[in-house]
Every structure is written in C-alpha cells, then in structure tokens.
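Engineer: below are the sequence and a predicted model for it; my questions follow.
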Amino acid sequence: MSQGSGDVVNATVRRWQLTETLRQLRERAGLTIEEAVEKLRASTGTWSRSKLGRIETREQGVRVREVEQLLDLYRVEEVDVREWLLDLAATAHERGYWHAIRKDLPEDFHEFLNVEAALVALRQFEAMLIPGLLQTADFTRALINGAIPGLAPDLVERRVLARLARQQVLTREHPLEYHAILDESILERPIGGQHVMRAQLQHLVDRASAPNIMLQVLPKSAGATPALEGPFSVLTLPDPIPDFGYTEGPGGAVYIEDRAKVRSIIMTWGILIERALPQADSLELIEKTARYYT
C-alpha cells in the first residue's frame, strides 16, 4: 500500500484512500459487511450495515475512533498501516492548496479540481479543444471569452490564472504522468486568431518534450473510431484507489467507477493509442499545422 504523495494529496483523495483501504482490509479479513457489523455491535453497539456501507462508498465520514475499531476487528497489526490510516482519518477534512483557486472556477468543476491535484497519472482524449493542462494563457482567455460571452473581464482573468496554476501538476517534484490524444480537428479550429493558435500549437510541441508528457494526434484519416463517442479521461490516484473514468458534457461532470465500465474505457483508450499517430509523427503534424497560422 502506498502512503500517497505528500502534500499534494488533498482532502478528497485522503478520504478515498482511507475508505478504499478499509474496504480491502475487511475483504482480506474474510468478512462481509453484515458479518463485520455483527461483530462491531457486540463490542460497541453503534454500528449498522447502512453506516459501514456508506463509509466504504464515501457517502459518510468516519471518525478516528471508528477507524481504530475497524482496524482492531480486521486484525490489522502493522504499525505503519495503522498510523497511516489513522492519520488519513484525522486529516480527511483538511483543505488542499487548490482551495484558494476554486472560487474562480465553475462549481461543477470543483470535485475534479480536488482530484486533479493528487493524480499520479492521467490519460485524456479530447475531441473539441486543447486540454487545460496544455493551454497557453492567450488561448485560455480566448476560449473562455468565446464559450461564455459577456463574462466579466476580471473573472475571465482569474479563471485564466487558475488554469495556469493547475498546470503545476506537470512540473512539480514528482510530476503527473500525462498522456493526451487530440483529435486532428482541434488543430484546425482557430481559437483566438492566427497568432494565438500558432503560439498554442508550438506550446504543445514544447510541452511534449518533457519525459512525463506523451502527446498523440488522432488523424481524420482514422475514420470511424471509438473517439466518436466523445472525450473522456482515465484517472489514476495513489494506491489503493482503483482507476476511474471521467467525462464532461452539457449536463456536468460524470465520474465512472463501475469496474466493468472502467475496463471498457481503458480498452477504448488502447484502441485510440493504436489508431493515433505516434508521438514523433504527431508533433510533426502539429508543427506543420502551426505554419498555416501566420
């Protein structure tokens, strides 16, 4: 079990690590939820099946004393594991450093922001626009003004700064492993005008030189592919949290945690990797397209 990634593991991810580990420890002990609750009631009398179920699905918080009771029941004697889980329980409500910029971003994006700060790896397919982690300030500004006409200039600038702040996950001491696949049409959509697009495309090439960033382009010649289903991401958080899917649409953000559905998404990702151009060819195409913006 990994103990996370230091100060980048914020409240949301600490809570996820805690509850997923508690579920795994119960299963390792060979107990169903009903059996665990029966034993807990014999000693404390304050547990119910719904309570333990809600804790394991992150619908309810868990206190330090309750974690101690669960660890005793599951016969967890490893000192480092116990200390780690009790520390997670004690700090599960502490805010991460991303809280300072949340107020300037759309409310339905807040949960993803909490998660993004602690990601170990991110696999992302985009069909309409350059991902936020790879945008320049000028591109972001033009994008916001175009997508939300009439937004107050000061709020636009705060959102631009917030997006740039997010990008530090790519350059921190232990950077995010980032693999993005972009539909070729993104390169041909002139957001912000010729100068902005040329600089943005060159920025993609520059960022892809980092060892933790892989960039591919899905060419139009690929024809019909699973990409037609729309953009999606596969998110990897610290152990023991399993990978999960994420997508956005007019109805807001959707998190995909069902294991069968996540496996399907990962299979789709594998298909897109094969259908997309290799990184070297992708960067060559991006540079070629950039020259058309003069």
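Structural biologist: Received the coordinates, thanks.
Engineer: by mean pLDDT, flag the weakest helix or strand of this structure.
Structural biologist: Scoring the helices and strands of the chain by mean pLDDT, DSSP states H and E places helix 99-102 at the bottom, with a mean of 46.
Engineer: so how far is residue 63 from residue 27?
Structural biologist: Distance, residue 27 to residue 63, using CB to CB, to the nearest Å: 22 Å. (Each C-beta comes from the backbone N, C-alpha and C, glycine too.)
Engineer: I misspoke; the intended subject was residue 198.
Structural biologist: Distance from residue 198 to residue 63, by CB to CB: 55 Å.
Engineer: same check on residue 75?
Structural biologist: From residue 75 to residue 63 the distance is 20 Å (CB to CB).
Engineer: and for residue 290?
Structural biologist: According to CB to CB, residue 290 stands 55 Å off from residue 63.
Engineer: neighbour count for these two, which is higher?
Structural biologist: The residue with more neighbours, out of residue 290 and residue 63, is residue 290; 19 against 11, by other CB atoms under 10 Å.
Engineer: pLDDT value on the residue lying closest to the more buried one once chain neighbours are set aside, please?
Structural biologist: Counting by CB to CB, 6 or more residues apart in numbering, residue 290 lies nearest to residue 201, which is 3.8 Å off, once chain neighbours are set aside. pLDDT recorded at residue 201 is 97.
Engineer: one more: residue 31?
Structural biologist: Residue 31 is assigned 93 on the pLDDT scale.
Engineer: pretty sure it contacts residue 74?
Structural biologist: Yes. With contact defined as CB atoms under 8 Å, residue 31 counts as touching residue 74 (7.4 Å).
Engineer: on the three-state scheme, residue 181 is what?
Structural biologist: Judged by DSSP: H, G, I helix; E, B strand; the rest coil, the three-state class of residue 181 is strand.
Engineer: what's the local residue count around it?
Structural biologist: Residue neighbour count, defined by other CB under 10 Å, stands at 24 for residue 181.
Engineer: next one: residue 211
Structural biologist: 7.
Engineer: and for residue 127?
Structural biologist: So residue 127, with other CB under 10 Å, has 16 neighbours.
Engineer: now swap in residue 124 and tell me
Structural biologist: Number of residues near residue 124 (other CB under 10 Å) recorded here: 20.
Engineer: can you pull out the helices in the stretch 1-150 of the chain?
Structural biologist: All helices of the stretch 1-150 of the chain, identified by DSSP state H, counting those that start in this stretch, fall at 11-28, 33-43, 49-56, 64-73, 79-91, 99-102, 110-116, 137-147.
Engineer: which SS class is residue 277?
Structural biologist: Going by three-state DSSP: residue 277 is coil.
Engineer: before we move on, the earlier item: can you check which of the helices of the stretch 1-150 of the chain gets nearest to residue 263?
Structural biologist: Comparing the helices of the stretch 1-150 of the chain against residue 263 with CB to CB, the closest turns out to be helix 11-28 (17.5 Å).
Engineer: what residues sit buried inside the closest one?
Structural biologist: Within helix 11-28, the residues that count as buried by 16 or more other CB atoms under 10 Å are 11-23, 25-26.
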